[in-house]
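Q: Using only what follows, build the 3D model:
(one chain, ligands or ions: 1)
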Amino acid sequence: MILSLSGIRKSYSTAEGIIEILKGVDLSVAAGESVALTGESGSGKSTLLHLAGGLDQPDAGSIFMNGRDLGQFGESERARYRRSDVGLVFQQFNLIPSLSVATNLSFHAKLADRYDAAWERQLIEGLGLESYLGRYPEQLSGGQQQRVAIGRTLAARPPLVLADEPTGNLDEATGDAVLDLMLSLARNAGSALLLVTHSSRLADRLDRKVVLHGGRISE
Ligand SMILES: Nc1ncnc2c1ncn2[C@@H]1O[C@H](COP(=O)(O)OP(=O)(O)OP(=O)(O)O)[C@@H](O)[C@H]1O
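A: Purely as a prediction, here's the structure:
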């Protein structure tokens, strides 16, 4: 298994007191496998993705990535993990404003030493970004920025892609193209994909669908 979560618990303290969101989540994803994570709003899907991405830590339970225990990582290992093992496609695009679309696209791939010009070209075409390469992020619409952010993550061919509603701002055809590219990465580079979606149409295209309900995962 490339990603194994077991017994994950996570609570938040709010004005109303402590709320327990994850109550013992077990979930494993194999290399090359694509898994749809579904569940009602507020069930904790984004929380789970943040934990798997090393952006936050669980109150209890363990997260293993490629046999390594994230709980044992120090700050620099955690930063390296976020930079090269995992690709995050979240709602905040985090494009670098001072860099052109073309430079943003290749940035992570070069940083991770996994730049592949042919794959980048395929992403640019698949995401319809040919005419925007010389622009800067602020000169793009929300959906265009989202496509660049997706391209940048996939260009780096991370072993694990974590995507939170990656097609949220996109029209259906573009959303389908995004999923095609993610599935092609899974097939060709063996990347694992854990994707949060409310769309059963998208979920049906993945290998497996799991539901987060009552703080636990059911198949
Ligand atoms: N930092 C935080 N502090 C307090 N509560 C939080 C925090 N982050 C999330 N929550 C709460 O935890 C719960 C789970 O949130 P999360 O964003 O993980 O849900 P989700 O399943 O991704 O929802 P959606 O489908 O609406 O995006 C929600 O009730 C939310 O209000």
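
Q: alpha carbons only for contacts and neighbour counts from here, please
A: OK.

Q: Can you tell me the element the residue lying closest to Leu123 once chain neighbours are set aside falls in?
A: Distance criterion CA to CA, 6 or more residues apart in numbering; nearest residue to Leu123, sequence neighbours excluded, is Gly151 at 6.0 Å. In this assignment (DSSP states H and E), Gly151 forms part of helix 142-155.

Q: thinking again about what came up before, ok, the residue nearest to Leu123 to Ala109 distance?
A: Distance, Gly151 to Ala109, by CA to CA, to the nearest Å: 10 Å.

Q: could you point out which element follows the helix holding Gly151?
A: For helix 142-155, the following helix or strand on the C-terminal side (DSSP H and E) is strand 160-164.

Q: and Pro137, how many neighbours does it have?
A: When neighbours are defined as other CA atoms under 10 Å, Pro137 has 25 of them.

Q: if we can go back for a sec, neighbour count: Gly151 and Ala109, which is higher?
A: Gly151 (26 against 23).

Q: per-residue confidence at the more buried one?
A: Looking at Gly151, its pLDDT stands at 95.

Q: The one 10 residues further on now?
A: On the pLDDT scale, Val161 is placed at 96.

Q: How about Lys23?
A: Looking at Lys23, its pLDDT reads 98.

Q: Next one: the residue nearest to Leu123 relative to Val101, how far apart?
A: Going from Gly151 to Val101 by CA to CA gives 10 Å.

Q: Can you check which residues contact both of those two?
A: In terms of CA atoms under 8 Å, 6 or more residues apart in numbering, Gly151 and Val101 are not both contacted by any residue.

Q: which residues touch Asn188?
A: Neighbours of Asn188 in contact, by CA under 8 Å, 6+ apart: none.

Q: Please apply the same query to Pro159.
A: Residues near Pro159 by CA under 8 Å, 6+ apart: 2, 31, 85-87, 189-192.

Q: One more pass at 6 Å, please.
A: 85, 191 (CA atoms under 6 Å, 6 or more residues apart in numbering).

Q: Look up phi and psi at it.
A: phi -60, psi -30 (degrees, to the nearest 10).

Q: Return the distance of it relative to the ligand.
A: As judged by CA to the nearest ligand atom, to the nearest Å, Pro159 and the ligand stand 23 Å apart.

Q: Quick check on the closest residue to His198 other than its chain neighbours: phi, psi?
A: Closest residue to His198 apart from its sequence neighbours, by CA to CA, 6+ apart: Thr38 at 6.1 Å. With angles defined as degrees, to the nearest 10, Thr38 sits at phi -120, psi 180.
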